[in-house]
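Asker: Turn this into a model:
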Amino acid sequence: MNVDIKDAGVARKIATVSFDSEEVSKHESKVCQELGKLVNIPGFRKGKAPANVIRKKYAKEIKDELNRKVSTAAYEAVLENKDIKVYSVLKVDAGELEPSQSASVEVTVDIEPEFDLPKYKEFELTIEPTEVSEDEVTKELDAIREQRASFDVVERASEKGDYVKCSYEGSLDGKAVSEILPDKPMYGKQANTWEEAGNQTGMGVDAIADGVIGMSAGDKKEVKADFAKDFEVEALAGKSVTYQLEVHEVREKKAPALEDEEFLKSLKIESVDELKEKVTEQIKYRKDQENVNLKRKQITQNILDTEDFPLPQQAVEEESKAIFQNRIQQATRQGVKADEIEKNRDEWWKESQTQGQARVKLTLVLSKIAEEEKVSVEKEDLAQAATREAMMRREDPTKFIKELTQDRARLNRLREDIIYDKTLIKIAELSKERICDIEGEHTH
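Answerer: You can find the predicted model right below:
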């Protein structure tokens, strides 16, 4: 057996594995012997039929199995070859084999690229300070109180911040907007809707939110809404719409006092001090997690900023396709129309290729660092990761893990993701940290 290796593109090789006629004949004889032990041929005891009878009766089966055995031998010879490091095998082509003739098998592979590791132990990562200020605690407490606010009916004119139940109908140039935009009722006609007085969210008609201020239940008035020239709804862009507005009910939003016993009880807290302590801990935890993500982003960017090297093209292609398909599926779920998706297809594919290259480069570098730092995946890591994924999918963890163990490709992908995460954590531990002087001004 002889192995001849030639370049076939970026990070790709074609290895031609040559077998002489004697080697092929040995493989064919072995196939014939193995088959003879399994088949029943009339007139002969099982396993005792002559080779020439087996060859005549099972010629196609022998040829197919010979092809498989020689291809496997070629494949293994390439993997064992010390001249190349195989990243993935793309194709094994044995052609038409004859038992008594020499054969050449072409094995196309993507190879593991050679590259120098970045000086990851010298990475300097900038993080945000994690001290919690009194203002932050107060802001968080106010948000909690707002979440548990009551909405009480009041017999007065609405004020900013009140919640107002109202109806409105718009007209444009003498025509009902509901007829112009039947699929967008928020701009045309609403029978009973709630508006926060004075709160312009940009998600509806801001003029209505302003218009209800000063109105009481039963009041009616006319409101004019001027839409900007670049307004997202083309039919209304640059137009003035007249709305007939009626208020049905006014409710005042009342947040409970911090010391309110019922409020504290609803939170399963016994005192204001305990609540403040718990909120402080939550803010601190949130800041710590934000720093974890911040360090991951910086490490990732530092790796991507290193000198490029040839990447296994099949891996790049597969990653790019996965990213592209996810983009298409996400757009479809968000209601993007088919013609709009088609319009962006080429641009999205180019972006997916760029992201695919980055992902493969990152994976290769992190894998090499994992080897260097002896980062490994334990059974507990797999179990925890699988459980988290099952919970995110809202599936039964036990059932999900059982299905996962039967799918080698998914299991390998999960193992790669774990190595990826653990290596990022390891690099973060080895790196130097610098606390940013001004919150929000950090390196991305």
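
Asker: quick one: the helix or strand bottoming out on mean pLDDT in the chain to chain centroid distance?
Answerer: Across the helices and strands of the chain, mean pLDDT, DSSP states H and E gives its lowest value to helix 397-405, namely a mean of 85. Offset of helix 397-405 from its chain centre (C-alpha atoms, centre = their mean, to the nearest Å): 20 Å.

Asker: Which residues does the next helix or strand after it contact?
Answerer: Counting by DSSP states H and E, the next helix or strand C-terminal to helix 397-405 is helix 408-430. Identification of contacts with helix 408-430 by C-beta atoms under 8 Å, 6 or more residues apart in numbering yields 120-121, 123, 125, 292, 295-296, 299-300, 362-363, 366-367, 369-370, 373, 375, 377, 381-382, 385-386, 389, 404-405. Every C-beta, even on glycine, is put in place using the N, C-alpha and C of the backbone.

Asker: Mind giving me the packing neighbours of the helix or strand just after helix 408-430?
Answerer: Counting by DSSP H and E, the element after helix 408-430 in chain order, helix or strand, is strand 432-435. In terms of contacts (3 or more C-beta pairs under 8 Å, 6 or more residues apart in numbering; DSSP states H and E), strand 432-435 is packed against strand 124-127.

Asker: Next secondary structure after the strand it packs on?
Answerer: Using DSSP H and E, the helix or strand that follows strand 124-127 in sequence is helix 134-147.

Asker: what comes up buried for that following helix?
Answerer: Judged by neighbour count using 16 or more other C-beta atoms under 10 Å, the buried positions of helix 134-147 are 137, 140, 144-145.

Asker: buried set for the longest strand seen in the chain?
Answerer: When the chain is parsed with DSSP state E, its longest strand is strand 240-254. For strand 240-254, burial by neighbour count (16+ other C-beta under 10 Å) applies to 241-243, 245-247, 249-252.

Asker: Describe which strands that strand pairs with in its sheet and in which direction.
Answerer: Strands that pair with strand 240-254, judged by DSSP bridges, come out as strand 150-153 (antiparallel), strand 163-172 (antiparallel), strand 220-226 (antiparallel).

Asker: how about the CA coordinates for that strand, as PDB?
Answerer: Taking C-alpha atoms only, strand 240-254 is exported to PDB below (Å, rounded to 0.1, in the frame of the first residue of the first chain):
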ATOM      1  CA  SER A 240     -52.400  64.400   9.600                       C
ATOM      2  CA  VAL A 241     -55.100  62.100  11.000                       C
ATOM      3  CA  THR A 242     -58.200  63.300  12.900                       C
ATOM      4  CA  TYR A 243     -59.300  61.100  15.800                       C
ATOM      5  CA  GLN A 244     -62.700  61.200  17.600                       C
ATOM      6  CA  LEU A 245     -61.700  60.300  21.200                       C
ATOM      7  CA  GLU A 246     -63.900  59.200  24.100                       C
ATOM      8  CA  VAL A 247     -62.800  58.300  27.700                       C
ATOM      9  CA  HIS A 248     -64.700  55.600  29.500                       C
ATOM     10  CA  GLU A 249     -62.700  55.100  32.700                       C
ATOM     11  CA  VAL A 250     -59.700  56.600  34.600                       C
ATOM     12  CA  ARG A 251     -57.500  54.600  36.900                       C
ATOM     13  CA  GLU A 252     -54.800  55.900  39.200                       C
ATOM     14  CA  LYS A 253     -51.700  53.800  39.600                       C
ATOM     15  CA  LYS A 254     -50.600  53.500  43.200                       C
END
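
Asker: Now do it against helix 134-147, angle only.
Answerer: Here strand 240-254 runs at 100 degrees with respect to helix 134-147, directions being taken by axes from the mean of the first three to the mean of the last three C-alpha atoms, to 10 degrees.

Asker: What mean pLDDT does strand 240-254 get?
Answerer: Averaging pLDDT along strand 240-254 gives 97.

Asker: Please apply the same query to stretch 173-191.
Answerer: The model assigns stretch 173-191 a mean pLDDT of 95.

Asker: which of the residues in it are buried?
Answerer: For stretch 173-191, burial by neighbour count (16+ other C-beta under 10 Å) applies to 177-178, 180-181, 187-190.

Asker: Now do the contacts for residue 53.
Answerer: By C-beta under 8 Å, 6+ apart, residue 53 lies in contact with 41, 44.

Asker: Could you count how many residues lie near residue 100?
Answerer: 9 (other C-beta atoms under 10 Å).

Asker: Alpha carbons of stretch 322-341, as PDB, please.
Answerer: The C-alpha trace of stretch 322-341 is given here as PDB (Å, rounded to 0.1, in the frame of the first residue of the first chain):
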ATOM      1  CA  ALA A 322     -26.400  26.500   9.700                       C
ATOM      2  CA  ILE A 323     -26.100  30.300  10.400                       C
ATOM      3  CA  PHE A 324     -27.900  31.100   7.200                       C
ATOM      4  CA  GLN A 325     -30.800  28.700   7.800                       C
ATOM      5  CA  ASN A 326     -31.200  30.000  11.300                       C
ATOM      6  CA  ARG A 327     -31.400  33.500   9.900                       C
ATOM      7  CA  ILE A 328     -34.100  32.500   7.400                       C
ATOM      8  CA  GLN A 329     -36.100  30.600  10.100                       C
ATOM      9  CA  GLN A 330     -35.900  33.600  12.500                       C
ATOM     10  CA  ALA A 331     -37.100  36.000   9.800                       C
ATOM     11  CA  THR A 332     -40.000  33.700   8.900                       C
ATOM     12  CA  ARG A 333     -41.000  33.400  12.600                       C
ATOM     13  CA  GLN A 334     -40.900  37.200  12.900                       C
ATOM     14  CA  GLY A 335     -43.400  37.400  10.000                       C
ATOM     15  CA  VAL A 336     -41.000  38.700   7.300                       C
ATOM     16  CA  LYS A 337     -42.600  38.200   3.900                       C
ATOM     17  CA  ALA A 338     -41.100  35.700   1.400                       C
ATOM     18  CA  ASP A 339     -40.200  38.400  -1.200                       C
ATOM     19  CA  GLU A 340     -38.300  40.400   1.500                       C
ATOM     20  CA  ILE A 341     -36.400  37.300   2.500                       C
END
